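Asker: Fold the following, please.
(chains A and B)
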Amino acid sequence: MEKLFMTGNEAIAEAAIRSGCLYYFGYPITPQNEIPEYMSTRLPELGGAFLQAESEIAAIYMVYGAAGAGMRVMSSSSSPGISLKQEGLSYIAAAELPCVIVNMMRGGPGLGGIQPSQSDYFQATKGGGHGDYHLFVLAPSTVQEAVSLTGDAFDIADKYRTPVMILGDGIIGQMMEPVEFEQRPRSKEYDKSWALSGAKGRPRNVIKTLYLDPQKLEQHNLKLQDKYQKMKEDVRIEHYLCDDAEIVIAAYGTVARIAKTAVQILRDKGIKVGLLRPITLYPFPYDHFQEIAERIRKVLVVEMSLGQMVEDVKLAVNGKAEVAFYGRTGGIVPSYEEIAAELEKQLF
Amino acid sequence: METIDKTDKMDRVFQRPEALTKATTHYCPGCGHGVAHRLIAEVLDELGIREQTVGVAPVGCSVLMYNYMNIDMLEAAHGRAPAVATGFKRARPDLTVFCYQGDGDLAAIGMGETIAAAARGEKICVIFVNNATYGMTGGQMAPTTLVGQKTSTSAQGRMSERCGFPIKVAEMLSVLDGPQYIARVSVSSAKYIARAKQAIKKAFEVQQLDLGYSLVEVLSPCPTDWHMTPQQAVNWLEENMLPYYPLGEFKVQGV
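Answerer: Have a look, this model is predicted:
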């Protein structure tokens, strides 16, 4: 199969197109600009539509509109821009519209910086906007994985009629790696009878999120909640050298990749350490952590934040193993030596 | 005695447009929304495009518009209707798309989306209902509230030195190159309603001809939040709003 050398951003854009996404709406922000740039050339050639919106807010509502037409549609941004999209994501989740949103995280809060970060974990996994809802969140740790997760993201969005977020960071977006685009089997046809197409020969379709009657709103929210429970069947996690591990590192995305090198170095020193890498951040692989907590002493959670995923790990482990945390923030990427040294400290 | 079937002898001159549902609206007596809905419905019927049209409903008094229009509809967040309509229209350029928005929705929280969609010449129709107040939330000051007009957040009357001046949306958008048709009409009384319908029809025709953006500003009475009877509200609109918001076509291209 042909190998192409691409940045993560370009690879995600190409993967989206190969998954049947012909509509993209976005607003420029570093470090994800290669996605709209790529889409702006390719989509018109393919008969789709690219539009640089007047704002992040308008972009997410353009996604809402195109998703309402039943089309595969995507937007991408980075942390401050994703904050602006939260209102729209709440509406999209409430209206049960499938779409894919990419967040190439940079350091915050506020304008922050443009270097890689993982400090939007709470926002991505706990709702972000108002109301009882969640996004399905996927966290790639290589450019190749970003390609395959992009394809999966569109299928998951259609399967559950829900917004899916690909949560990367400046490194995943900007790094160039050789990638292969598998010829994905044409994804199955999903029911789109809810989409708007003009009420021709059928009763009118309405896409809405207003439920003035509290009984009806409660029913609607319970329906969404059922969906979030059902999503657990699509939980994904990588276990690396965990079988005989006495201590494990828990990390996702870019940091997990660095932590893998740290694990190899520590293993060479005879330390029985493994790596747990959640690939779905929502739904979070609670069961996997719960199970492994029975047979390990400690989990070291490493993040490019001051401690966000660590809260989910603590919930999962529920006191059965010790949970330690190491984080760098503000755009600083921890080295594998740093992670290995931190783990050695945690051994005693 | 022979019975005469009167329906054979008489022409039906007034009926519910197919583009309206049978639902009773929640609008107050004397409100202009019902008239504006009906005019849109009549235009969709006359142009034969009910089954090829998608409407975008706003937040405000007309938030439940999708219960009254017998067409496919999308509900937008407050101010976001032009962006939602843009996304839909770009995905389905073969369908007719319109937004229905009030003054708070279009000219306050959604002014960014409004100007951008107009400047792009987005091929959508916008029906903009201007009643100079926030109706649904209880009559607060709107961007189109007249100077001196009392509202629940300008109890002494809108003071220009504190709150600036009302926005003339039709005039403002007509200086952009994107819009192809911009008009201001009124649904306050019968003599204006027929003209309002003609403008709405032109706005849809602009889209039928694939020309670009069109907007019709509809001056509409709000007796409840103006604290008036329906007749007083009509009089107040015609005496106070018409001088500040003159009726007419501000931009006409291609139709």
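
Asker: What parts of chain B come near chain A?
Answerer: Chain B comes close to chain A at residues B:50-54, B:56-57, B:63-64, B:66, B:69-77, B:80, B:82-92, B:95, B:112-113, B:115-116, as judged by C-beta under 8 Å from any C-beta of the partner chain. Heads up, the C-betas are built off the backbone N, CA and C, glycines and all.

Asker: In helices, which of those appear?
Answerer: Among those, the members falling in helices (DSSP state H) are B:82-91, B:112-113, B:115-116.

Asker: could you dump those residues to CSV with neighbour count?
Answerer: Shown next, in CSV, are these (neighbours: other C-beta atoms under 10 Å in any protein chain shown):
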residue, neighbour count
B:Pro82, 32
B:Ala83, 35
B:Val84, 34
B:Ala85, 29
B:Thr86, 32
B:Gly87, 35
B:Phe88, 27
B:Lys89, 26
B:Arg90, 24
B:Ala91, 24
B:Gly112, 16
B:Glu113, 30
B:Ile115, 17
B:Ala116, 18
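
Asker: Could you provide the residues you listed in a markdown table, with additional columns for distance to B:Gly212 and pLDDT?
Answerer: Compiled in a markdown table, these are given as follows (distance: C-beta to C-beta, whole Å; pLDDT from 0 to 100):
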| residue | distance to B:Gly212 | pLDDT |
| --- | --- | --- |
| B:Pro82 | 13 | 98 |
| B:Ala83 | 17 | 98 |
| B:Val84 | 18 | 98 |
| B:Ala85 | 13 | 98 |
| B:Thr86 | 12 | 98 |
| B:Gly87 | 17 | 98 |
| B:Phe88 | 16 | 98 |
| B:Lys89 | 11 | 98 |
| B:Arg90 | 14 | 98 |
| B:Ala91 | 18 | 98 |
| B:Gly112 | 19 | 98 |
| B:Glu113 | 16 | 98 |
| B:Ile115 | 15 | 98 |
| B:Ala116 | 14 | 98 |
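
Asker: could you check the distance from whichever residue of the stretch 51-200 of chain B sits closest to chain A over to A:Phe50?
Answerer: Of all residues in the stretch 51-200 of chain B, B:Gly87 sits closest to chain A, at 2.6 Å by C-beta to the nearest C-beta. For B:Gly87, the distance to A:Phe50 equals 12 Å [C-beta to C-beta, to the nearest Å].

Asker: Need the residues touching each of these two.
Answerer: Both B:Gly87 and A:Phe50 are contacted by A:23, A:25, under the criterion C-beta atoms under 8 Å, 6 or more residues apart in numbering or on different chains.

Asker: Where does pLDDT dip in the chain?
Answerer: Since no chain was named, I'll use chain A. By pLDDT under 70, the low-scoring segments of chain A are A:185-187.

Asker: should've been chain B
Answerer: In the predicted model, chain B carries pLDDT under 70 at residues B:1-9.

Asker: tally of neighbours for B:Val13?
Answerer: Neighbours of B:Val13 under the rule other C-beta atoms under 10 Å in any protein chain shown: 5.

Asker: Helices along the stretch 151-300 of chain A, start to end?
Answerer: For the stretch 151-300 of chain A, the helices defined by DSSP state H, counting those that start in this stretch cover A:170-174, A:214-230, A:253-268, A:286-293.

Asker: repeat for the stretch 1-150 of chain A
Answerer: Secondary structure of the stretch 1-150 of chain A (DSSP H, counting those that start in this stretch): helices at A:8-18, A:34-45, A:56-68, A:79-84, A:86-95, A:121-125, A:143-160.

Asker: Packed most tightly, which of these would that be?
Answerer: Mean neighbour count (mean count of other C-beta atoms under 10 Å in any protein chain shown) peaks for helix A:56-68 among those, with a mean of 30.

Asker: Taking helix B:81-91 as reference, get the angle to it.
Answerer: 50 degrees (axes from the mean of the first three to the mean of the last three C-alpha atoms, to 10 degrees).

Asker: chain center to helix A:56-68, what's the gap?
Answerer: Distance of helix A:56-68 from the chain centroid (C-alpha atoms, centre = their mean, to the nearest Å) equals 19 Å.

Asker: cool, stretch B:202-210 as well?
Answerer: Relative to its parent chain, stretch B:202-210 has a centroid offset of 16 Å by C-alpha atoms, centre = their mean.

Asker: quick one: buried residues of it?
Answerer: B:202-208 (16 or more other C-beta atoms under 10 Å in any protein chain shown).

Asker: And for stretch B:12-31?
Answerer: By neighbour count on 16+ other C-beta under 10 Å, the buried set for stretch B:12-31 is B:17, B:19-21, B:25, B:27-28, B:30-31.

Asker: one step back: need the helices of the stretch 1-150 of chain A in TSV (columns: distance to A:Tyr252).
Answerer: What follows is the helices of the stretch 1-150 of chain A, written out as TSV (distance: least, C-beta to C-beta, whole Å):
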stretch	distance to A:Tyr252
helix A:8-18	15
helix A:34-45	21
helix A:56-68	24
helix A:79-84	16
helix A:86-95	20
helix A:121-125	8
helix A:143-160	11
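
Asker: Distance to chain B added to those, as a markdown table?
Answerer: As requested, those are exported to a markdown table (distance: least, C-beta to the nearest C-beta, whole Å):
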| stretch | distance to chain B |
| --- | --- |
| helix A:8-18 | 15 |
| helix A:34-45 | 10 |
| helix A:56-68 | 3 |
| helix A:79-84 | 12 |
| helix A:86-95 | 5 |
| helix A:121-125 | 19 |
| helix A:143-160 | 15 |
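
Asker: Which one of those lies nearest to A:Glu2?
Answerer: Distance to A:Glu2, taken as C-beta to C-beta, is lowest for helix A:8-18 among those, at 12.0 Å.

Asker: Can you list the residue ranges for strands in the stretch 101-250 of chain A?
Answerer: Per DSSP state E, counting those that start in this stretch, the stretch 101-250 of chain A carries strands over the ranges A:136-138, A:163-169, A:176-179, A:206-207, A:237-240, A:247-250.
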